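A.B. asks: Dropping a prediction and its sequence here:
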Amino acid sequence: VKQKDFANLGWPQARSRLRTLELDKHCDFNFLNMVAEIPGKKTFEIRILPGTLSAEEVYGNARLFEAILDWCCNDQSPEVLPSMSDVLEQCSLSEAEKEHWRSLQKH
C-alpha cells in the first residue's frame, strides 16, 4: 500500500494486492472481510474508538468516520498526508462536532 501506484488502483486490483499481505482482523481498522470476499460479510470494522453504551456517542463516532470516508473519496490525493487536524477542518461535520474531536486530540 505504500507503493506510489497503489492509490490509483481500482478496487479489484487493490484487493488482489492486499491479498498478498498477511492481514489480521486484530488491528485498528479491520477490512479483512472485504479483501477476502467472505460471502455475507462485507464489513469494515473500526476498533480505535472507546467502547460505549451511549447511543449519542456511537452516533457521533459514526459521524466522524462517515465524514473522514467522505473526505477520502473526494480528496485529490495530496502529496503529503495531512494531519488529523487538517482533515477535521475539511470534513463535513458541524462546528460543534469538530470542536468535540479537537478537544479530544489535546489529551
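C.D. replies: Thanks, I have it. From a predicted model like this one, the values you see are computed outputs, not experimental measurements. Residues are numbered from 1 along each chain as shown.
A.B. asks: Now do the helices in this protein.
C.D. replies: Using DSSP state H, the helices of the chain run over 11-18, 32-36, 55-74, 84-90, 95-105.
A.B. asks: do you know which of these lies nearest Phe44?
C.D. replies: Closest approach to Phe44 among those (C-beta to C-beta): helix 32-36, 6.2 Å. To be clear about C-beta, it is placed using only N, CA and C from the backbone, and glycine gets the same treatment.
A.B. asks: out of the helices of the chain, deepest packed?
C.D. replies: Among the helices of the chain, helix 32-36 has the highest mean neighbour count (mean count of other C-beta atoms under 10 Å), at a mean of 16.
A.B. asks: helices or strands next to it in the packing?
C.D. replies: helix 11-18 (3 or more C-beta pairs under 8 Å, 6 or more residues apart in numbering; DSSP states H and E).
A.B. asks: for the helix it packs on, packing partners?
C.D. replies: Partner elements for helix 11-18 (3+ C-beta pairs under 8 Å, 6+ apart): helix 32-36.
A.B. asks: Mean pLDDT per helix and strand in this protein: which one sits at the bottom?
C.D. replies: strand 29-30 (a mean of 78; mean pLDDT, DSSP states H and E).
A.B. asks: Contact partners for Cys91?
C.D. replies: By C-beta atoms under 8 Å, 6 or more residues apart in numbering, Cys91 lies in contact with 64, 67-68, 70-71, 98.
A.B. asks: Return the closest of those residues with respect to Ile38.
C.D. replies: Looking across these and measuring by C-beta to C-beta, the closest to Ile38 is Ile68, at 24.4 Å.
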